[in-house]
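**Student:** here is my input, please return the structure:
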Amino acid sequence: MLVWLLSSAAMLWLSPINPARAHEVVPSIADISDDEGVLTFTVRLNIEGLVAGIDLSKISDTNLAAEAASYDQLRALGPAELEERFRAFWPEMAQNIVIDTGSEKLVPRLLSVEVAETGNIEILRSSQIRFAADLPAGTRTVSIGWLAKYGELVIRQMGVEEPYDGYLAGGEVTPPIALAGGGRPSLWQTFTRYGIVGFDHIIPKGLDHVLFVLGLFFLSPRLRPLLWQISAFTLAHTVTLALAALGYVSVSSAIVEPVIALSIVYVAVENMWSDRLMSWRPIVVFAFGLLHGLGFASVLGEFGLPDFGFVSALIGFNVGVELGQLTVIALAFAVVGFWFRDKSWYRTRISKPGSTIIALTGAYWFVERTVL
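**Tutor:** Prediction:
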């Protein structure tokens with residue numbers, strides 16, 4: 001086990017950054033600029049998810065959507081065909097983009113669409129669109145957002161001092177952004193915004209991390225063994241999250257994601273044959289925590305951390321992750337631990353069946369992430 005963990009860590013450290021998997025839902029990134037009264041948007045996004053009609057605000061993997069087959073068909077199209085499908089979709093999308101000057105709501109016009117080559121259909125394809133809206137004379141501020149089902153949106157203001165830089169959950173709208181600059185979020189606003197991102201990555205979008213934490217819980221719902229495990233896990237993923245965010249570690253999602261699935265399997269299987277916390281368990285949990293930290297870092301890597309407030313954003317994200325994990329533990333204790341932890345049949349009726357389900361789920365994810 002130790003040799004395997006060390007070899008996995010070496011592979012993770014040396015591997016380059018890989019593109020996201022084809023079905024992964026990632027935030028869209030919009031750079032906005034005001035050029036002589038014309039507000040221009042350059043947006044990097046996943047066109048297939050939008051055109052397929054998937055509600056990107058509710059899932060982290062398009063395979064979970066009812067429109068998954070449509071998404072796969074769109075992913076296989078060539079650039080010209082997908083561009084044509086998007087241009088047909090654009091009139092609907094334009095009506096659902098918020099550009100509010102306070103006195104008038106503007107409808108943008110499409111300027112260009114750039115779709116990458118089809119390439120490997122197992123890799124997420126990132127496209128770029130540009131659209132613009134003419135600002136009424138005297139406009140000083142503008143609020144921006146879009147329909148909730150279009151998913152998360154990162155807004156970055158360009159070409160001004162102290163630019164606005166913000167993250168929006170699907171359906172949210174920015175506060176009024178000063179077109180002349182000076183709308184940079186405060187450190188507290190940055191902390192809060194990224195804290196929400198971290199929490200959201202656990203609940204509801206981090207089912208793999210949730211199952212790992214539940215695996216720790218099922219061994220024993222008592223505080224002392226659980227505290228040892230959670231402390232080791234927290235310390236480990238905090239370290240690698242910080243190192244990856246600072247650029248000291250390169251993350252390969254092609255390796256990290258399958259190994260995270262294996263970590264879920266390992267913890268659940270150990271629960272099935274061990275009825276107490278073994279001395280090596282916190283060490284193994286720490287090693288797996290390093291991997292989960294790299295998984296958390298890949299989320300931040302999709303839209304980056306702001307230049308101003310970098311530390312505040314990083315701490316906020318980590319606090320959000322911790323609050324999400326503690327919420328999972330609190331709910332598990334309230335539903336199971338408080339009522340049944342002292343029952344003689346706790347292991348046979350709750351711990352083992354629950355761990356079996358977790359192990360099977362983790363095994364399926366491992367196969368999906370390496371073969372399918």
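**Student:** so the residue nearest to E172 when sequence neighbours are not counted, which state does it fall into?
**Tutor:** Nearest residue to E172 in three dimensions, chain neighbours excluded: G145, at 5.8 Å (CB to CB, 6 or more residues apart in numbering). The way it works is simple: take the backbone N, C-alpha and C, and place the C-beta from them, glycine included. Assigned by DSSP: H, G, I helix; E, B strand; the rest coil, the conformation of G145 is strand.
**Student:** count of neighbours near G145?
**Tutor:** 20 (other CB atoms under 10 Å).
**Student:** same question, the one 10 residues further on
**Tutor:** A count of neighbours around I155, defined by other CB under 10 Å, yields 21.
**Student:** now do the contacts for it.
**Tutor:** 30, 32, 144, 164-168, 174, 177 (CB atoms under 8 Å, 6 or more residues apart in numbering).
**Student:** please tell me how far the residue nearest to E172 sits from I97.
**Tutor:** The gap separating G145 from I97 is 8 Å, by CB to CB, to the nearest Å.
**Student:** quick one on the thing from earlier: and of the contacts of I155, the nearest to R125?
**Tutor:** Ranked by distance to R125 (CB to CB), the contacts of I155 are led by A30 at 17.9 Å.
**Student:** low-confidence stretches in the stretch 251-372 of the chain?
**Tutor:** Along the stretch 251-372 of the chain, segments meeting pLDDT under 70 span 251, 276-277, 301-305, 307, 338-339, 341-342, 372.
**Student:** give the contact list for F199.
**Tutor:** Counting by CB under 8 Å, 6+ apart, F199 makes contact with 320-321, 323-324, 327.
**Student:** and G215, what element?
**Tutor:** helix 207-219 (DSSP states H and E).
**Student:** and that helix, what other elements does it pack with?
**Tutor:** If contacts are counted by 3 or more CB pairs under 8 Å, 6 or more residues apart in numbering; DSSP states H and E, helix 207-219 sits against helix 187-202, helix 223-245, helix 253-273, helix 281-303, helix 310-332, helix 352-370.
**Student:** what's next to the second one, contact-wise?
**Tutor:** Pointing back at helix 223-245 there. 212-213, 216-217, 219-220, 249, 251, 276-277, 281-283, 285-294, 296-298, 300-301, 305, 314, 317-318, 321-322, 325, 329.
**Student:** let me know the average pLDDT across that helix.
**Tutor:** Mean per-residue pLDDT for helix 223-245: 83.
**Student:** in it, which residues are buried?
**Tutor:** Judged by neighbour count (16 or more other CB atoms under 10 Å), helix 223-245 contains these buried residues: 225-226, 229-230, 232-234, 236-238, 240-245.
**Student:** can you check the fourth one too?
**Tutor:** Within helix 281-303, the residues that count as buried by 16+ other CB under 10 Å are 281-282, 284-303.
**Student:** buried subset of the contacts of F199?
**Tutor:** Buried among the contacts of F199 (16+ other CB under 10 Å): 320-321, 323-324.
**Student:** quick check: K352 touching N271?
**Tutor:** Yes - under the criterion of CB atoms under 8 Å, K352 makes contact with N271 at 7.3 Å.
**Student:** these two - which one has more neighbours?
**Tutor:** Legend: neighbour count by other CB under 10 Å for K352 and N271, higher for N271 (24 against 17).
**Student:** my read: the more buried one touches P353, true?
**Tutor:** No - counting by CB under 8 Å, N271 does not reach P353; the two are 10.6 Å apart.
**Student:** list the residues that contact V210.
**Tutor:** V210 makes contact with 202-203, 328, according to CB under 8 Å, 6+ apart.
**Student:** of all those residues, which comes closest to L64?
**Tutor:** Distances from L64 to these, taken by CB to CB, are shortest for I203, at 15.5 Å.
**Student:** would you confirm that that closest one contacts G324?
**Tutor:** Yes - here I203 reaches G324: they are 5.0 Å apart, a contact under CB under 8 Å.
**Student:** ok so, going back, got CSV for the contacts of F199, with distance to A334 too?
**Tutor:** Formatted as CSV, the contacts of F199 follow (distance: CB to CB, whole Å):
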residue, distance to A334
G320, 21
V321, 21
L323, 16
G324, 16
T327, 10
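**Student:** do you know how far S60 is from Y364?
**Tutor:** 16 Å.
**Student:** please identify which of the two sits among more neighbours.
**Tutor:** Neighbours per residue, other CB under 10 Å: of S60 and Y364, the larger number sits with S60, 19 against 13.
**Student:** the more buried one against K205, yeah?
**Tutor:** Yes - taking contacts as CB under 8 Å, S60 lies within contact range of K205: 4.1 Å.
**Student:** so where's the stretch 1-150 of the chain shaky on pLDDT?
**Tutor:** 1-22.
**Student:** and the helices in it?
**Tutor:** Along the stretch 1-150 of the chain, the segments classed as helices by DSSP state H, counting those that start in this stretch run 2-14, 47-51, 68-75, 79-95.
**Student:** buried residues of the longest one, list them for me.
**Tutor:** If you call a residue buried by 16+ other CB under 10 Å, then helix 79-95 has these buried ones: 82-83, 85-86, 90, 93-94.
**Student:** so can I have TSV of the helices and strands packed on helix 207-219 showing distance to A52?
**Tutor:** Putting the helices and strands packed on helix 207-219 into TSV (distance: least, CB to CB, whole Å) gives the following:
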stretch	distance to A52
helix 187-202	22
helix 223-245	31
helix 253-273	22
helix 281-303	19
helix 310-332	28
helix 352-370	20
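**Student:** of these, which is nearest G181?
**Tutor:** Of the helices and strands packed on helix 207-219, nearest to G181 by CB to CB is helix 187-202, at 16.3 Å.
**Student:** and the closest one, what's buried?
**Tutor:** 190-191, 193-202.
**Student:** of the residues you listed, which pair is most distant in space?
**Tutor:** T190 and I202 (19.5 Å).
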